[in-house]
Structure formats: structure tokens, C-alpha cells
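Engineer: Model the structure of this input:
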Amino acid sequence: MLNKKIILLAFLGFCINTMFAQKSSYKIGAVGFYNVENLFDTLDTEDVRDTEFTPKGARAYTKDVYYDKLDKLATVISEMGTETTPDGLAILGVSEIENRSVLEDLVKQTRIADRRYQIVHYESPDERGIDVGLIYNPKYFTVTSSQAIDHEMYRDDGSRDYTRDVLFVSGEFDGDPLHILVNHWPSRGGGASAAKGRNAAALLCKNVIDSLQQADPAAKIIIMGDLNDNPVDPSVKKVLGAKKDKEKTAIDGIYNPYIKLYKSGYGSNAWRDTWSLFDQVMVSGGLVKGDKKEGYQFYQAKVFNKSYLVQKSGQYKGYPYRTYSGDTYQGGYSDHFPSYIFLLKEVVE
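Structural biologist: Residues are numbered from 1 along each chain as shown. Okay, here's the model as predicted:
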């Protein structure tokens, strides 16, 4: 009997020691998207519709205004994700930037300079002269390839409607292969042809995703952008086939956490007293169906809507605190709130 007790106690001790020997901790990475609302330089560039964003233009867009806007955007970027990880954003997709130089100026801002953000950018054929881009912290992400995918869009009369490219970036996120698609789909001001354009942009992304998932059904893919459509609109739900439930997302499917946020009343931009959630970050099934011990997995989605980003008075009271109202400088940040997600990986010590 004594021997049995000794064996039992030894076994219990082994279990306890094993339990404490295998403590788990987690690595967290934050990935976001931000429509920065017309981040132009102050130069009047040939063949770019940017005259209003110059010192002599209608908006009196001076260097003081430009650098004030850069500082405000850097403030937002510096805070996003820091409630969970002190390093903040590892990756940020952006839209409504004029060129690479404005991103270079942005990442040099004092509030975020120590992160040493790197840049991926291509000039797009957009008629307004605005592009999408990506900044990333090399501590987390290493780029292995990138390309701008042309989005050919046509008006009802058959003429070419030049719009933003889709930025496709592949790399390694702390050792995990990761693919990112950064989007800024055609605006709602373009009517039926623009709606077709948004569906076409969604299909463009879906074709890239399908190709990646044919090679690896569990491929880890992030689709982000200002889609100019809500999470429940056909471009997102039908063309992309994004699901609102992780449980119903196949390994080769797409999960959109912003469907539930939208239905719960969250928005990222407002127009005529109606909120929309155009700014979304979606993930492939490989980021929701895997094991956190085997690499990063989706953890949580948020809209960054701190009170200082909200207009406190005037025509746009309660809206995102924008830079301009018409041609009048407001001193705000952007007419969009940014969105971001957390990725989580378990580390057994």
C-alpha cells in the first residue's frame, strides 16, 4: 500500500512539474488599415490633379498644414494597437496618399520614427493622383515580393476610368508566410459603373486569393482597405464570399470580423448622418482555422475611434475629425477612422 502511495505521489509531482515547465506565453502582432484623407505634398505636380493641395490652391495647403497633418496621422499610428502590444502596429496599409515621398515623410515623424517603418509603394494610374501603400515594422515583417495589380475599370460609354491599383505584398510575419492585399475601391459617387468597379475589384482580389489557396489551402492572407462598400454588400459577401462566423469559414475561405462589428453599430466613416464601415481588415481561413502553437492566428478586430478623432462641433459634429470641410482647414486627422486586427501566437516556454 505504501509503495502505491509513493508511486501516486511521484506521478502527481511529475504532472505538476510538467504543467509548470510548459508555461505558455503569447506573441501579439497588430495589423491595420487607414484612409489618411488626401495626404498630398505641397507641390503642383504635372499630370496630377493636385493644384488644390498647394499653397496657392483653393485649400491654401501650405507646409505648415502638411506637417501638422503628418504629425496628427503619426499620433494615431503611434497609439493603434498599443493597448495590447507596446510595439503598436507591425503592418499598416494606407490609402489616399499622393506618392512615396509623403510616406517617407510620415514614417520620419518623431512619434513613430523609432519603429523604423519601411515602405512598399507603386504609382497608380488613378485620375485624382492618389495611391495605396504599405508601411511595416521590419522587426515583425520581411517583404519577399510585391506588385501593383492593375484594376481595369470602364465607364458606361466604354472609356477607361483610371482608378487605384491593388497592392499585393508577400513576406514573412515573424517566420510565418503572409500575403497582404491593400485596396481602395471605386467611390460611391460613380454610380452604377462604380458599383460594378467595386465588384470587379473584389473579383480581382478573389482571383489572387484563389491562386494562393490552390497552392496552399491554409495560406495566411490579409485583405484590407477602404472598400467603399459595407461588410454586408455584395462585393464583400458574394464576390469575396466573406463569412461572419469563424466556425463557418472554411480553411480556404475568408473571414470578415467587421460584419459583426457593422451589425453592432460600428462605423469608420459617415455621410449625411449615416455611418458606414468601409474600412475593413479580413483574413483567410488559414488565419482562423489553425493552431496558435503552429503560428499566428486571428485574435480580435477593432475600429480605432478614440474621442479625439471625433469632430466636436459644426456641420460634421460626431463624424470623424477631418482635415478640411470643403476648402476650409479644420485641423483634424482624417474623414475615416482606421481599423486594425490582432494576430496571436502561443509560445511554450
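Engineer: Under the pLDDT cut-off, which ranges of the stretch 101-250 of the chain? List them.
Structural biologist: Scanning the stretch 101-250 of the chain with the threshold set as pLDDT under 70 gives 190.
Engineer: now the strands: where do they sit in it?
Structural biologist: Applying DSSP state E, counting those that start in this stretch to the stretch 101-250 of the chain gives strands spanning 118-121, 131-136, 141-149, 166-173, 176-184, 221-226, 242-243.
Engineer: Could you provide those in TSV, with additional columns for mean neighbour count and distance to Phe53?
Structural biologist: All C-beta atoms are positioned from the backbone trio N, CA, C, and that covers glycine. TSV is the format used below for these (neighbours: other CB atoms under 10 Å; distance: least, CB to CB, whole Å):
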stretch	mean neighbour count	distance to Phe53
strand 118-121	18	18
strand 131-136	26	14
strand 141-149	15	23
strand 166-173	20	22
strand 176-184	24	17
strand 221-226	26	19
strand 242-243	22	34
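Engineer: Redo those as CSV? Include distance to Ala201.
Structural biologist: Listed next are these as CSV, based on distance: least, CB to CB, whole Å:
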stretch, distance to Ala201
strand 118-121, 19
strand 131-136, 11
strand 141-149, 10
strand 166-173, 7
strand 176-184, 6
strand 221-226, 9
strand 242-243, 14
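Engineer: Mind checking the ones you listed for the one nearest to Ser284?
Structural biologist: Between Ser284 and the strands of the stretch 101-250 of the chain, the tightest spacing by CB to CB is seen for strand 221-226, at 3.8 Å.
Engineer: which strands and helices sit next to the closest one?
Structural biologist: strand 24-39, strand 89-97, strand 176-184, helix 191-215, strand 279-284 (3 or more CB pairs under 8 Å, 6 or more residues apart in numbering; DSSP states H and E).
Engineer: mind giving me TSV with the ones you listed and columns for distance to Ile259?
Structural biologist: As requested, the helices and strands packed on strand 221-226 are arranged in TSV below (distance: least, CB to CB, whole Å):
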stretch	distance to Ile259
strand 24-39	16
strand 89-97	19
strand 176-184	17
helix 191-215	15
strand 279-284	9
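Engineer: Mind checking these for the one nearest to Thr62?
Structural biologist: In terms of CB to CB, the element of the helices and strands packed on strand 221-226 nearest to Thr62 is strand 24-39, at 14.5 Å.
Engineer: Pairing partners for the closest one, with directions?
Structural biologist: Strand 24-39 has the following sheet partners, assigned by DSSP bridges: strand 89-97 (parallel), strand 339-348 (antiparallel).
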